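1. Based on what follows, work out the 3D shape:
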Amino acid sequence: MSSRAKVARVVAIETPDNSASEEEDEEQQEIQVEFEARGPEEEDFHGIRRLLQQLFLKTPSVDVGKVTEAILGQKYLGSVIKQTQLDDADEDEEDEEDPNEVYAVSTVLSLSEKQKPSVSGIRALLLDQTSKGGDRQVLQYVTNILNGNVGFLINERFVNIPAMITVPLWETLVTEMRKAKDRNLPFDFGHYIMICKLFKSEAEDEGPEAKQVVTFSNPEEELIVAESELCIDYEVAVEGEEGGPGSTVEAEGVVMVPWRRIVVFKADKLEEIIGVVKKNFPC
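-> So this is what the prediction gives:
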């Protein structure tokens, strides 16, 4: 599988004194960059691992390297986004980007294979965060889901890659899973589980009426919540990681703290979700 798409990247241009220029439209320059979607290869190990690291951070139970190896082991499933190498590119450019940089990864792992280190760590994380809520019924529900045929959906990318790229990646993934099921491979899921990255502001007031701003790192994932059967939030702020994926950020004077949201939804909802994302984030 290989396809190409041009995506506009907006690059800020600083003035010599780091102040705004007189014309706002001169502050940014839009550059057309051509990306290619294809199956993951061994050379993508470090790029995929980097993207997974921003999702799992320093979770002790999850071996990000093992998860990356599991993704690469699925030769028939999943996609990565990389910049297309043009024949007439100037190889001597000082600012040329790493040709092996992975800008996005989209795939699914079966959580039924409990014995695999890549799977056991994710399962442990899901059960640990669920149990912290103290609701036995919710814990039993998640346990039952994990004892069935469930897929862990991975949708990671750089923040400057637009949400519209999700649609062709997920459509490809659906097609690949359909072919895998035809070959009696274990991808006939009853449910999907995702972990979404989001930021929350500190509540302005206390009590049930407290208002809180919530922003998703991947905005299309907010659309999944409406179709989900269960959502579980947990905070992941990491001390001493200023500027890293586990650090707080400030937007318009509001301090935003990083969280994760576990989302569970029925597998037959995926194609419907893809349609909703396509409608809200058209190409």
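2. Give me the pLDDT for residue 49.
-> What the model reports for residue 49 is a pLDDT of 97.
3. ugh, wrong one, residue 63
-> Confidence score, pLDDT, at residue 63: 96.
4. From residue 104, how far off is it?
-> As judged by CB to CB, to the nearest Å, residue 63 and residue 104 stand 22 Å apart. Quick note: C-beta positions are derived from backbone N, CA and C, even for glycine.
5. cool, and residue 152?
-> Distance of residue 152 to residue 104, computed by CB to CB: 17 Å.
6. Compare residue 63 and residue 104 (neighbour count), which wins?
-> Neighbour comparison, residue 63 and residue 104: the larger count goes to residue 104, with 22 against 17 (by other CB atoms under 10 Å).
7. got a list of what the residue lying closest to the more buried one once chain neighbours are set aside touches?
-> Closest residue to residue 104 apart from its sequence neighbours, by CB to CB, 6 or more residues apart in numbering: residue 157 at 3.4 Å. By CB atoms under 8 Å, 6 or more residues apart in numbering, residue 157 lies in contact with 51, 81, 103, 104, 105, 165, 218.
8. need the contact list for the last one.
-> What it means is residue 218. 155, 157, 163, 166, 196, 197.
9. ditto for residue 64
-> 49, 52, 53, 56.
10. following the longest helix anywhere in the chain, which helix or strand comes up?
-> Longest helix in the chain, counting residues (DSSP state H): helix 166-182. As assigned by DSSP states H and E, the chain's next helix or strand after helix 166-182 is strand 191-201.
11. Neighbouring strands - and their directions - for the next helix or strand after that next one?
-> Where DSSP H and E defines the elements, the next helix or strand beyond strand 191-201 is strand 214-216. Partners of strand 214-216 in the sheet, by DSSP bridges, are strand 191-201 (antiparallel).
12. so is the closest residue to residue 230 other than its chain neighbours in a helix, a strand, or just coil?
-> Leaving aside its sequence neighbours, residue 230 sits nearest to residue 264 (CB to CB, 6+ apart; 4.3 Å). When classified by DSSP: H, G, I helix; E, B strand; the rest coil, residue 264 comes out as strand.
13. Residue 264 pairs with what?
-> residue 193, residue 230.
14. which residues does it contact?
-> 142, 145, 191, 192, 193, 228, 229, 230, 231.
15. Out of those residues, which comes closest to residue 74?
-> residue 192 (15.8 Å; CB to CB).
16. Run a quick neighbour tally on the closest one.
-> 22.
17. Please look at it and residue 108 and confirm they touch.
-> Yes: if you go by CB atoms under 8 Å, residue 192 and residue 108 touch, sitting 7.3 Å apart.
18. list residues touching both of the two?
-> 151, 152, 153.
19. and which of those is nearest residue 36?
-> For these, the nearest to residue 36 is residue 153 (22.1 Å; CB to CB).
20. which intervals of the chain have sub-threshold pLDDT?
-> 1-33, 85-99, 203-210, 237-247, 251-252 (pLDDT under 70).
21. Which stretches in it count as helices?
-> Counting by DSSP H, the helices of the chain are 45-56, 64-73, 117-131, 136-146, 166-182, 222-225, 270-280.
22. List just the one of those that sits closest to residue 35.
-> helix 166-182 (10.7 Å).
23. what helices or strands is that closest one leaning on?
-> On a contact count with 3 or more CB pairs under 8 Å, 6 or more residues apart in numbering; DSSP states H and E, helix 166-182 meets strand 2-12, strand 28-38, strand 79-83, strand 104-110, strand 150-157, helix 270-280.
24. The third one vs helix 64-73, what angle?
-> When axes from the mean of the first three to the mean of the last three CA atoms, to 10 degrees is applied, the directions of strand 79-83 and helix 64-73 differ by 100 degrees.
25. Quick check: bridge partners of residue 151?
-> With DSSP bridges as the rule, residue 151 is bridged to residue 110, residue 192.
26. Next one: it relative to residue 211, how far apart?
-> For residue 151 relative to residue 211 (CB to CB), the value is 35 Å.
27. what do you get for residue 268?
-> 35 Å.
28. and if you look at residue 125?
-> 30 Å.
29. who has more neighbours, these two?
-> Neighbours per residue, other CB under 10 Å: of residue 125 and residue 211, the larger number sits with residue 125, 19 against 8.
30. okay, now the closest residue to that one other than its chain neighbours: neighbour count?
-> Distances taken as CB to CB, 6+ apart put residue 61 closest to residue 125, at 5.2 Å, once the chain neighbours are dropped. By other CB under 10 Å, the residues close to residue 61 number 14.
31. This completes my enquiry, with thanks.
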